[in-house]
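> Fold the following for me, if possible:
(one chain, ligands or ions: 1)
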Amino acid sequence: MENYLSVKIRDNLYYVGVNDRQTRLFENMWPLENGVCYNSYVLTGEKTVLMDTVRINKVDGFLEKLYEVLDGRDLDYLVIHHMEPDHSGAIDTILELFPNVKLVGNKRTKDFLKNFYEIDNENFVEVKEGDTLDLGDTSLTFYMTPMMHWPESMVSYEESTGTLFSQDAFGSFGALSGGIFDDEVDFEFFKEDTVRYYTNIIGKFSQQVQAAMRKISGLEIKMICPVHGLVWRENPQKIVDLYSKLANFETEEGVVIVYGSMYGHTEKMAETVARALGERKVKNVRLYDVSKTHLSYLLADLWRYDGIILGSCTYNNGLFPPMETLVETLKKQKMKNHTIAVFGSYSWGGGSLKALQEFAKGSGYDYIETTVDTKSAPTNEDLDGLKKIGNDMADAIIAKRK
Ligand code: FEO
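Below you'll find the model as predicted:
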């Protein structure tokens, strides 16, 4: 009877990753409605090589699989592609159980090991760009991919099989529910979690992602083994293309409107803008209440679509706090290739429109200048101005695709 603990990927390569459906928030911030997996792999040729570990809360299931695959053999190497604790959490445990294991990482990895875990191991094998680790019957070549996702991030490539161990790159949120390989699942289910993972976790480093993708573009990649999400063995180009699209800010036709409203007037303003876009047959309009929809989902859609419209009531002479959080996040995201318009409201004093205008002007997006700033409840003149915002945005995104 087949054993369902670990999964054989091919001769001498096994999947020993684990699912986490208990943790609610990734990095204690991003919702995990579909869970997440921490992938780990073992090479079992002349040398035994473990590729990354898992978050410590899932160490038991991970060790069970690892022992099964090793089948009594010692562990020769642990390759540490990335030190974020969702993958490095069990390194200490591995060192205790396999004291002869050699840790493989780069100079930055060594620093992180010391700072996170007080590990200063004499068996550390330091690798740098282009170095090859000879494993007898096969070998691994290392490529540094700094800031995809952390400074020490690196990938390794097994040339004899065309396998890329890509750490966070090409990963996704979402636990693996039965299907582990791309040809065992309907990717449409994973696509949203992949876009959310990219835009939430890696997106702000898109320049570095582009550089890393250029670096690996010369490799003949037959299989991608990331530390999150599916193992890509049938069509790895599919996930490469999706990551390339996201990293290069290739947007789709549509507009995302996000509003902050306490008592409904700013919401009414947003609905008016949305209706104008609907009348112009802009078919992908997404309208969100910034207080209700988590930043994680807002970022994914804001990244995806051409147009961004932000509207906020005034709070303490400035932006409504949830809108302020969104704006400050967008400043750091460094997204490109968008068109933006804004509107504000206040009852006395004001301040939200000015803050949004300042953000829009400095955003680097194409800015449709607007001055609708409603005092308490929108007047007919305000509503006309809001319809104009919708129409001007429709003109801009339709023109973009002509
Ligand atoms: Fe999955 Fe950046 O760690």
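> Report all helices and strands that the strand ranked longest in the chain contacts.
Looking across the chain with DSSP state E, the single longest strand is strand 305-315. Counting contacts by 3 or more C-beta pairs under 8 Å, 6 or more residues apart in numbering; DSSP states H and E, strand 305-315 packs against strand 252-260, helix 265-279, helix 321-333, strand 339-346, helix 352-362, helix 380-400. Heads up, the C-betas are built off the backbone N, CA and C, glycines and all.
> Report the closest residue of this protein relative to the ligand.
Glu84 (3.4 Å; C-beta to the nearest ligand atom).
> Would you mind giving both backbone torsions of that residue?
phi -60, psi 140 (degrees, to the nearest 10).
> What about the closest residue to it other than its chain neighbours, how many residues nearby?
Leaving out its chain neighbours, the residue that sits closest to Glu84 by C-beta to C-beta, 6 or more residues apart in numbering is Trp150, at 6.0 Å. The number of residues packed near Trp150 is 17, by other C-beta atoms under 10 Å.
> Am I right that Trp150 is in contact with His82?
Yes. Trp150 lies in contact with His82 (C-beta atoms under 8 Å); the separation is 6.3 Å.
> okay, the helices and strands packed on strand 305-315, which one's buried deepest?
strand 339-346 (a mean of 26; mean count of other C-beta atoms under 10 Å).
> That one: partners in the sheet, and parallel or antiparallel?
Strand partners for strand 339-346, identified by DSSP bridges, are recorded as strand 305-315 (parallel), strand 366-367 (parallel), strand 373-375 (parallel).
> contacting residues around the residue nearest to Glu84?
By C-beta atoms under 8 Å, 6 or more residues apart in numbering, the residues touching Trp150 are 82-84, 112.
> Which ones among those residues lie within helices?
Phe112 (DSSP state H).
> Need the contacts of Trp150 in a markdown table (columns: distance to Gly171, pLDDT and neighbour count).
As requested, the contacts of Trp150 are exported to a markdown table (distance: C-beta to C-beta, whole Å; pLDDT from 0 to 100; neighbours: other C-beta atoms under 10 Å):
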| residue | distance to Gly171 | pLDDT | neighbour count |
| --- | --- | --- | --- |
| His82 | 10 | 98 | 24 |
| Met83 | 15 | 98 | 25 |
| Glu84 | 11 | 98 | 19 |
| Phe112 | 19 | 97 | 21 |
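> coming back round to it: OK, contacts around the residue of the chain closest to the ligand?
149-150, 168.
> out of those residues, which touch the ligand?
Among the contacts of Glu84, the residues that sit close to the ligand (C-beta under 6 Å from any ligand atom) are 149, 168.
> Pick the one among the contacts of Glu84 closest to Tyr365.
Nearest to Tyr365 among the contacts of Glu84: His149, at 24.9 Å, using C-beta to C-beta.
> Might one say that the closest one is in contact with His82?
Yes. His149 is in contact with His82 according to C-beta under 8 Å; the separation is 6.7 Å.
> what sits in contact with each of those two?
167-168.
> re the thing from before, phi and psi next, for the residue nearest to Glu84.
phi -120, psi 170.
> Also the one 5 residues further on?
Backbone torsions for Val155, taken as degrees, to the nearest 10, come to phi -120, psi 160.
> which residues does it bridge with?
Under the criterion used (DSSP bridges), Val155 bridges to Tyr143.
> okay, now it: neighbour count?
Val155 - counted by other C-beta under 10 Å - has 27 other residues nearby.
> And Thr379, by the same measure?
11.
> next one: Leu299
23.
> Asn57 against Asn19, yeah?
No. Here Asn57 lies out of contact with Asn19, judged by C-beta under 8 Å, at a distance of 11.5 Å.
> Pull stretch 143-150 out as CSV, backbone CA atoms only.
Taking C-alpha atoms only, stretch 143-150 is exported to CSV below (Å, rounded to 0.1, in the frame of the first residue of the first chain):
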residue,chain,number,x,y,z
TYR,A,143,22.2,32.1,-7.5
MET,A,144,21.8,35.0,-5.1
THR,A,145,18.3,36.6,-5.3
PRO,A,146,18.6,39.4,-2.7
MET,A,147,15.2,40.9,-1.5
MET,A,148,13.3,38.1,-3.1
HIS,A,149,12.3,38.0,-0.3
TRP,A,150,15.0,38.9,2.2
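> Could you pull up the mean pLDDT of that stretch?
Taken as a whole, stretch 143-150 has a mean pLDDT of 97.
> Point out the residues in the stretch 1-150 of the chain that sit beside the ligand.
Residues of the stretch 1-150 of the chain lying near the ligand (C-beta under 6 Å from any ligand atom): 82, 84, 86-87, 149.
> Keep only those of the residues you listed that are in strands.
Reading strands off those, I find no matches (DSSP E).
> State the distance from the residue nearest to Glu84 to Ser352.
Remark: distance between Trp150 and Ser352 (C-beta to C-beta, to the nearest Å) = 36 Å.
> Met29: what's it in contact with?
Ser296 are the contacts of Met29 under C-beta under 8 Å, 6+ apart.
> And the pLDDT for it?
pLDDT, Met29: 97.
> which residues touch Lys331?
359, 362-363.
> Now pLDDT too, for the residues you listed, in CSV please.
Listed next are the contacts of Lys331 as CSV, based on pLDDT from 0 to 100:
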residue, pLDDT
Phe359, 98
Gly362, 97
Ser363, 97
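> Which of those lies at the shortest distance from Ser172?
Ser363 (27.7 Å).
> Touching, the closest one and Gln333? I think so.
No. The criterion here is C-beta under 8 Å, and Ser363 misses it with Gln333 at 9.9 Å.
> Count residues in the vicinity of His87, would you?
23.
> ok, it to Thr293 distance?
On the measure of C-beta to C-beta, His87 and Thr293 end up 29 Å apart.
> At the geometric centre of the protein, which residue sits there?
Note on the chain: the residue nearest the mean C-alpha position is Tyr198, at 2.3 Å, using C-alpha atoms, centre = their mean.
> pretty sure Met335 is in contact with Leu302, am I right?
Yes. Using C-beta under 8 Å, Met335 makes contact with Leu302 at a distance of 7.1 Å.
> Contacts for stretch 87-96 next, please.
Against stretch 87-96 from outside (C-beta under 8 Å, 6+ apart): 38, 40, 50, 52-57, 59, 62-63, 75, 78, 80-82, 101, 103, 112-113, 116-117, 119, 121, 167, 227.
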